[in-house]
Each structure stands twice: as C-alpha cells, then as structure tokens.
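[1] After the sequence you'll find the predicted model.
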Amino acid sequence: MLNIYTLLVHCNNRIISAKALQKILNKGLIDKRIMKIKYLFLFLIVISCKNDETTYYENGNVKSVAKLINKKEREVEWKTYYENGKPKQEGRYLNRLAEGEWKEFYNNGNIKSIGKYENGLRIGEWIEYYENKKIKSIGNYKDNKLNGEWKGYYNNGSIQGTGRFENGLEKGKFTIYYDNKNIKQTGIFEKGKQKGEWKFYNKDGTLNAVQVHNLADSSFIQKTYYNNGNLREYSEGSNFQKNGLQKHYFKNGQIENVGYFKMGKEDGVWKQYYQNGQLKSIGKKSNGILVDKWIFYYENGIVEREGFYYNGRKNGFWVFNYENGKIKSKGNYENGMKKGRWFENENYDNGAFGIIHYR
C-alpha cells in the first residue's frame, strides 16, 4: 500500500517528495487531479507540468521561480524570495548570464539595489539603498567596474562622499564628509593611489592631519595637529607604513621625542624629552626593541640610570643614581635579572654601600 508521505512525483526531471507536494496542492499552486481512491492511503496524482521551475521552503512558501521566456535563447525570468514570502531578488537571464534590469530587496520588502546587466556584467547607473529606503550610493559601471561619477550617502540622507572612478580605480578629487556635513578628508587619486596633498579634519572642522604623497617612490610625509593648531607629530613613510624620521611634540610645541622608523618599526637612535626641553632618555632601538647603551635622566638633568640592553632586556653593567647624583645601586644584569654582586645604597645622603649577591 502506498503512503502519500513516501510517494515521489517526477516533474521536469526534478523529484518532489509527496509531503512537500501536498503543501503545494493545499495552497493551490499547481494543477491537480485525483483520479481515484482505491484504498485509504492510496492516491494517484496527475500533475500538469509546465515550463516553470519553482522551489519551496519547508513552510510551503515559494523560494524561487524560474520562468522560461525564450527556449532557443535560453531566456529565463528569475525571482527569489525570503522565507517570509518577501521578494529577495528579481531579474532575467539570457544564455545563463544576467541581462537587463535587476533588483535586490531587504527581507522587509524594501529595495536594496537596482541596476542593469549586459552579458553578466554590471553597466550604467546602479543605486544602492539603506533599509529605511534612503539612498546609500549612486555609481556608474562599465564592464562590471565602477566608471564615472560616484556619490555616497549616510542613512539620514546627508552626503558621505563624492568622487570619480575610471576602470574600477579612484581617479581625481575625492571628498569624504562627516554626517554633520563637515569635510572629513579630501585629496587627489591617480589610478587608485593617493597623490599630492591630502587633508584630514576633525568632526568640528579643525585640521587633524596633512599628508603629501609621492607616487614615484610611494613615499609620504604626514603632519598631525592638536586642536589648538600646534603640530603634534611629523613622520616620514613609504608603502603605507612609517619609514624614516619621526618627531612627536607636546601640546605646548616643545618636542617630546625624535627618532627613526624602518619598515614600520622603531630603528636607530631615539631621544625623549621633558616638557621643559630637558633630555629624558637616549638610546638605540632595533626592530622596535631596545638595544645597546641607554641613558635615562631626571628632569633636573642628573642621570637617573644607565646601562645596556640586549633584545629589549637589561644585560651587562647598570648604574642607578639618586636625584642628587649620588649612586643608589650598581651591578650586572643577565637576561633582565640581577646577577652576582650588587652594591646598594639605601640612604639618599649617605654614600655607604651594602653588598647583595644575586644568583
């Protein structure tokens, strides 16, 4: 005896379970004829198959519909749906390639994007939308690449950015805005790369940074500023990372530190200063790690400590001083740990030493 929940029906070279078919029949989505009931669980179902291909979610809602328009040119009208029944995507295929106008939707039914295809490639104007129906961006395409004017928008409708593309790469002046309509950054692109002077602003409109790019060697110079207009940092770089001289300043304009970068990491002699201009420390870094001899100073100019580093850890002989210049302690480090005999003076004024042995 046949059971309707195990029966399989063939249609257009596709196999449909009778359980899913029953849901379709109940919705009246396709023709049906029950010819005869022989026993309680025996049914003979005859289905009228057409040129449409329809798939369904488990809840019975339509998932996709493919409607054959022109069999010779394999022209198909295509629609997909979310599980809640709202449209997801609609358009047309020609010889298995997207052709003509296509639309994409959010699961609430609002439009997400609209534009045209030619031989499977985006062409002409494409518009993208936020879920609240506000325009997100407007761009022009040629051979599936952005080409021509481009505009971006915030979801409140205010402009986010303007510029131009050529063969998928940014070209010419680009300006990006904050959502309060103040300029965020502006400058020139050449074949997708920043060229010449670029300016960056804070949301209140004050200048944040200036970059100057040299396309010939991919180098750049960057200056950043405090909100009072004073220089915060000067740095040199190349290939999108710091490479060369860097200077950092206090808000009052006094230099805070100066040194060099190599391939994005501190390298070479570095100096640090107090706000009164007095040297705070001087030493060498390699690949961002402290190496060789370093000297650290109190704000009055007296040496606070000096010694050697190896791979970022104290190594070798070190001397520590009080602020009056008298020795506080001295001895050797090994891999960052005190080793051997150390002379310790716990009295700021008294120069008498005690001896401590470290293993």
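    In hand now; what should we look at? In this text the structure is predicted, and so the values were computed from the model without any measurement.

[2] any chance you could map the helices in the stretch 201-350 of the chain?
    Chain-ordered helices for the stretch 201-350 of the chain, with DSSP state H, counting those that start in this stretch as the definition, do not occur.

[3] Could you list the low-pLDDT ranges of the stretch 251-359 of the chain?
    Residues of the stretch 251-359 of the chain meeting the criterion pLDDT under 70: 349-351.

[4] burial count for the closest residue to residue 237 other than its chain neighbours?
    Nearest residue to residue 237 in three dimensions, chain neighbours excluded: residue 243, at 4.8 Å (Cβ to Cβ, 6 or more residues apart in numbering). C-beta: built from backbone N, CA, C; applies to glycine. Summarising burial for residue 243: neighbours were counted as other Cβ atoms under 10 Å, giving 21.

[5] How about the one 10 residues further on?
    Neighbour count of residue 253, defined by other Cβ under 10 Å: 10.

[6] for it, what are its contacts?
    For residue 253, the contacting residues are 230-231, by Cβ atoms under 8 Å, 6 or more residues apart in numbering.

[7] Please list all residues in contact with the closest residue to residue 295 other than its chain neighbours.
    What sits nearest to residue 295 in space, not counting adjacent residues and going by Cβ to Cβ, 6+ apart, is residue 306, at 4.3 Å. When contacts are counted by Cβ under 8 Å, 6+ apart, residue 306 is found next to 293-296, 318-319.

[8] Quickly list what residue 306 is bridged to.
    Using DSSP bridges, the beta-bridge partners of residue 306 come out as residue 295, residue 319.

[9] what does the one 4 residues further on give?
    Listed beta-bridge partners, residue 310: residue 313 (assigned using DSSP bridges).

[10] how close does the residue nearest the centre of the chain get to residue 209?
    The structure's the chain has its C-alpha centroid closest to residue 240; by Cα atoms, centre = their mean the separation is 15.1 Å. Residue 240 sits at a distance of 15 Å from residue 209 (criterion: Cβ to Cβ, to the nearest Å).

[11] Need phi/psi at residue 124.
    Reported as degrees, to the nearest 10, the phi and psi values for residue 124 are phi 70, psi -160.

[12] So it is in contact with residue 115, correct?
    Yes: Residue 124 lies in contact with residue 115 (Cβ atoms under 8 Å); the separation is 6.7 Å.

[13] anything in contact with each of these two?
    In terms of Cβ under 8 Å, 6+ apart, residue 124 and residue 115 are both contacted by the residues residue 141.

[14] who's more crowded, those two?
    Counted by other Cβ under 10 Å, residue 124 and residue 115 do not tie: residue 115 has more neighbours, with 19 against 15.

[15] which residues pair with that one across the strands?
    Counting by DSSP bridges, residue 115 is bridged to residue 102.

[16] ok, back up a step: the residue nearest to residue 237 and residue 262, how far apart?
    Looking at residue 243 against residue 262, where the rule is Cβ to Cβ, the gap reads 6 Å.

[17] With residue 115 instead?
    Residue 115 sits at a distance of 47 Å from residue 262 (criterion: Cβ to Cβ).

[18] what packs against the helix or strand where residue 99 lies?
    Assigned by DSSP states H and E, residue 99 belongs to strand 97-105. Packing partners of strand 97-105 (3 or more Cβ pairs under 8 Å, 6 or more residues apart in numbering; DSSP states H and E): strand 87-94, strand 111-118.

[19] Would you convert these into JSON lines that also reports mean pLDDT and distance to residue 325?
    As requested, the helices and strands packed on strand 97-105 are exported to JSON lines (pLDDT from 0 to 100; distance: least, Cβ to Cβ, whole Å):
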{"stretch": "strand 87-94", "mean pLDDT": "96", "distance to residue 325": "78"}
{"stretch": "strand 111-118", "mean pLDDT": "98", "distance to residue 325": "72"}
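
[20] between the ones you listed, which gets nearest to residue 275?
    Distances from residue 275 to each of the helices and strands packed on strand 97-105 were compared using Cβ to Cβ; the minimum, 54.3 Å, belongs to strand 111-118.

[21] Could you tell me which residues within that closest one count as buried?
    If you call a residue buried by 16 or more other Cβ atoms under 10 Å, then strand 111-118 has these buried ones: 112, 114-118.

[22] before we move on, what about stretch 62-82?
    Along stretch 62-82, these residues count as buried under the neighbour rule (16+ other Cβ under 10 Å): 62-63, 65, 75-76, 78-82.

[23] residues making contact with that stretch?
    Among residues not part of stretch 62-82, those counted as contacts by Cβ under 8 Å, 6+ apart are 29, 51-57, 61, 83, 85, 87-96, 99, 107.

[24] End to end on that stretch, go ahead and measure it.
    End-to-end distance for stretch 62-82, by Cα to Cα, to the nearest Å: 8 Å.

[25] Okay, and the beta partners of residue 333?
    The residues that residue 333 bridges to, once DSSP bridges is applied, are residue 316, residue 338.
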